[in-house]
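A.B. asks: Return a 3D structure for these sequence lines:
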Amino acid sequence: MSDALRRVGDQWALRFERRFAHPPERVWRAITEPEHLGRWYPLTPAELAPRVGGAIVFEGEDGAPGPRAEITEFLPSRVFALREYDEETGTHGLRLELEPDGEGCRMVFTHTFADDTWAAQTETGWIACLDELGRVLDEMG
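C.D. replies: Numbering: from 1, shown residues only. Here you go, the predicted model:
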């Protein structure tokens with residue numbers, strides 16, 4: 001079992017910490033604005049209602065609406081959390097927490113889910129996505 005994977009009650013959680021040389025406000029834009037989110041997140045958002053209870057509709061095949069998520073926490077420049085449902089793997093919780101760290105920002109990213117059979121593959125995917133987030137932040141104006 002990876003150090004990133006832990007049992008939390010009846011769920012599993014992958015937890016990653018990243019430090020970025022960018023202030024929380026910039027990181028917030030990269031994780032909540034569709035034009036930036038779609039560059040590093042595994043799905044591309046077609047719609048995002050930025051509020052608790054707001055929906056995120058991701059692009060499906062051939063431009064049709066795809067998977068949906070519900071925003072469960074929305075504290076600007078601090079916490080962005082959502083709940084996704086996947087027919088194959090069930091319900092997932094994603095939480096991104098930002099904290100100022102000198103001139104930059106520390107982000108704690110946690111992904112919770114019920115079945116750990118695909119956790120290693122998911123961990124590898126998130127590492128690549130978070131690396132890409134760092135590149136997106138460096139390119140943002």
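
A.B. asks: Just confirm T124 is within a helix.
C.D. replies: Yes - assignment of T124 by DSSP: H, G, I helix; E, B strand; the rest coil places it within a helix.

A.B. asks: That one and L5, how far apart?
C.D. replies: Look at T124 and L5: by Cβ to Cβ, to the nearest Å, they are 12 Å apart. (Glycine included, C-beta is placed from N, CA and C.)

A.B. asks: ok, these two, which is more surrounded?
C.D. replies: Comparing T124 with L5 by other Cβ atoms under 10 Å, the one with more neighbours is L5, at 16 against 11.

A.B. asks: isn't the more buried one right next to A13, touching?
C.D. replies: Yes - counting by Cβ atoms under 8 Å, L5 touches A13, with 7.3 Å between them.

A.B. asks: Would you mind listing the outside residues contacting the host helix or strand of V57?
C.D. replies: Using DSSP states H and E, V57 sits in strand 55-59. Residues from elsewhere that reach strand 55-59 (Cβ atoms under 8 Å, 6 or more residues apart in numbering): 43-49, 65-71, 82.

A.B. asks: One more: stretch 114-130?
C.D. replies: Stretch 114-130 is contacted by residues 2, 4-5, 10-12, 14, 16, 18, 40-42, 89-91, 109, 111, 113 when judged by Cβ under 8 Å, 6+ apart.

A.B. asks: Please pick the buried ones from those.
C.D. replies: Burial by neighbour count, 16 or more other Cβ atoms under 10 Å: within those this picks out A4, L5, W12, L14, F16, R18, W40, Y41, F109, H111, F113.

A.B. asks: Could you verify that the fourth one is part of a strand?
C.D. replies: Yes - counting by three-state DSSP, L14 is part of a strand.

A.B. asks: what are the bridge partners for the nearest residue to it once chain neighbours are set aside, then?
C.D. replies: Distances taken as Cβ to Cβ, 6 or more residues apart in numbering put H111 closest to L14, at 4.6 Å, once the chain neighbours are dropped. The bridge-partner assignment for H111, based on DSSP bridges, gives L14, L94.

A.B. asks: Right, I'll call it a day here.
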